[in-house]
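J.: I'd like to go over a predicted model; first the sequence, then the structure.
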Amino acid sequence: MNIEYIRQGIELIRRTGPIEILDVLVVAVIVYQFLKLFRGTRATQLLVGIVLLAMLGAISVALNLILLKWLFVNAGPYLVFGLLVLFQPELRRALDQFGRLGHLGRPLAGFTPQALTRSMAEAIRAAERLSARRTGALIAFEREVGLEDYAATGVRIEGAVSAEFLQAIFFPNSPLHDGAVIIRGNLILAAGCLLPLPEEGQVRERLGTRHRAAVGLSQLSDAIVLVVSEETGQISIVEDGKITRGLEGDGLRRRLTGVTPGPRRQVSARPLLGWLK
């Protein structure tokens, strides 16, 4: 028996060529990226449950458990639809990340890094002034993933970005100060926008509504979100579901653009726009 297995293994290796190796590598990369989507989410437990069910199905076939095997065979099609529903957020995120490969979506998004950098500089000026007065603010910068759906929930503006304009929008008792501002390039696309909140269990720390909305949007897109806390005046940056708190001055500028103002230009270790240079 062992000799037969060895003989089959040698024959398999002998027939393996470059195409087969490439096939295995592509499948391995896809599986690896797919598993990375589950890391740190509640879908991990669901995945473990599916593996246990698959093992139970294999045991029912091996031991010829007729009733259990019949149950798995007939419930199989419904299980596939159930998996699509359960893993909808992860599948959506996978397709979104696949669409960003090689910046393929940039021509359709109208994404211009230079205009965005200038808008960020104005937003930083506004955030520092709002922070000093402990006035809350929520500003989302659109990149390659369009935010048109969320802009439609607010008031359309399409005006030039300036620190003074942003301050006026977030001025207390202003009709638009409670929502988010969405910036596209060098334009304020809309204000007073509603952003999606993260699902229960995805955020473990206690956050206010503004910070939760920023996390929710950053999980569903590649947007950079700037948040000014109304309670503490603290400025935070949210990207890819992660919050960087307590930013101010040059540290805030380095975090957003990777450049320190002044004669000496220094690039930070991980600027949000550094990958564009």
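T.: That came in fine, so what should we check first? Numbers count the residues shown, from 1 in each chain.
J.: poorly predicted segments of the stretch 101-250 of the chain, please.
T.: Within the stretch 101-250 of the chain, the set of residues satisfying pLDDT under 70 comprises 101-112, 199-205.
J.: so which residues of it form strands?
T.: 137-141, 155-160, 180-184, 187-193, 224-228, 235-239, 242-247 (DSSP state E, counting those that start in this stretch).
J.: show me this structure divided up by domain.
T.: As given by automatic domain parsing, the domain ranges for the chain are 2-103, 111-276.
J.: among the ones you listed, which is the most enclosed?
T.: Comparing the domains of the chain by mean neighbour count (mean count of other Cβ atoms under 10 Å), domain 111-276 ranks first with a mean of 18. C-beta: built from backbone N, CA, C; applies to glycine.
J.: mind checking how far it is from the chain centre?
T.: On the basis of Cα atoms, centre = their mean, to the nearest Å, domain 111-276 sits 15 Å off its chain's mean C-alpha point.
J.: let's have the chain start at 490 instead
T.: Done: numbering now begins at 490, and the last item shifts to domain 600-765.
J.: re the thing from before, quick one: closest of the strands of the stretch 590-739 of the chain to Gln497.
T.: strand 731-736 (48.2 Å; Cβ to Cβ).
J.: which strands and helices sit next to that closest one?
T.: Here strand 731-736 touches helix 698-709, strand 724-728, going by 3 or more Cβ pairs under 8 Å, 6 or more residues apart in numbering; DSSP states H and E.
J.: tell me which strands it pairs with, and in which orientation.
T.: Paired neighbours of strand 731-736 in the sheet (DSSP bridges): strand 724-728 (antiparallel).
J.: leaving out sequence neighbours, find the closest residue to the most centrally placed residue in the chain.
T.: The residue lying closest to the centre of the chain (Cα atoms, centre = their mean) is Gln708, at 3.2 Å. Once flanking residues are discounted, Gln708 sits nearest to Gly730: 4.5 Å by Cβ to Cβ, 6 or more residues apart in numbering.
J.: if I pick that neighbour, what's in contact with it?
T.: By Cβ atoms under 8 Å, 6 or more residues apart in numbering, the contact list for Gly730 reads Pro687, Gln691, Val704, Ser707, Gln708.
J.: now, which of those sits nearest Ile613?
T.: Nearest to Ile613 among the contacts of Gly730, with distances taken as Cβ to Cβ, is Ser707, at 18.1 Å.
J.: which of the contacts of Gly730 sits closest to Ser549?
T.: Nearest to Ser549 among the contacts of Gly730, with distances taken as Cβ to Cβ, is Gln691, at 34.8 Å.
J.: can you give me the helices for this protein?
T.: Remark: helices assigned in the chain by DSSP state H are 491-504, 507-527, 532-551, 555-575, 577-588, 595-598, 602-621, 637-640, 652-658, 698-709, 738-746.
J.: can you list the strands of the stretch 590-739 of the chain in CSV and add distance to Ile492?
T.: Converted to CSV, those look like this (distance: least, Cβ to Cβ, whole Å):
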stretch, distance to Ile492
strand 626-630, 65
strand 644-649, 75
strand 669-673, 68
strand 676-682, 69
strand 713-717, 61
strand 724-728, 57
strand 731-736, 55
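J.: list the contacts for the closest residue to Gly668 other than its chain neighbours?
T.: Counting by Cβ to Cβ, 6+ apart, Gly668 lies nearest to Gly681, which is 3.5 Å off, once chain neighbours are set aside. Taking Cβ under 8 Å, 6+ apart, we find Gly681 in contact with Gly643, Val644, Pro664, Leu665, Asp667, Gly668, Ala669.
J.: for the closest residue to Ile732 other than its chain neighbours, give its distance to Gly735.
T.: The spatially closest residue to Ile732, leaving aside those adjacent along the chain, is Ser725, at 5.4 Å (Cβ to Cβ, 6+ apart). Going from Ser725 to Gly735 by Cβ to Cβ, to the nearest Å gives 8 Å.
J.: return the distance of the residue nearest to the centre of the chain relative to Ile671.
T.: Taking Cβ to Cβ as the measure, Gln708 falls 16 Å from Ile671.
J.: just so I know, which of the strands of the stretch 590-739 of the chain lies nearest Leu636?
T.: strand 669-673 (5.2 Å).
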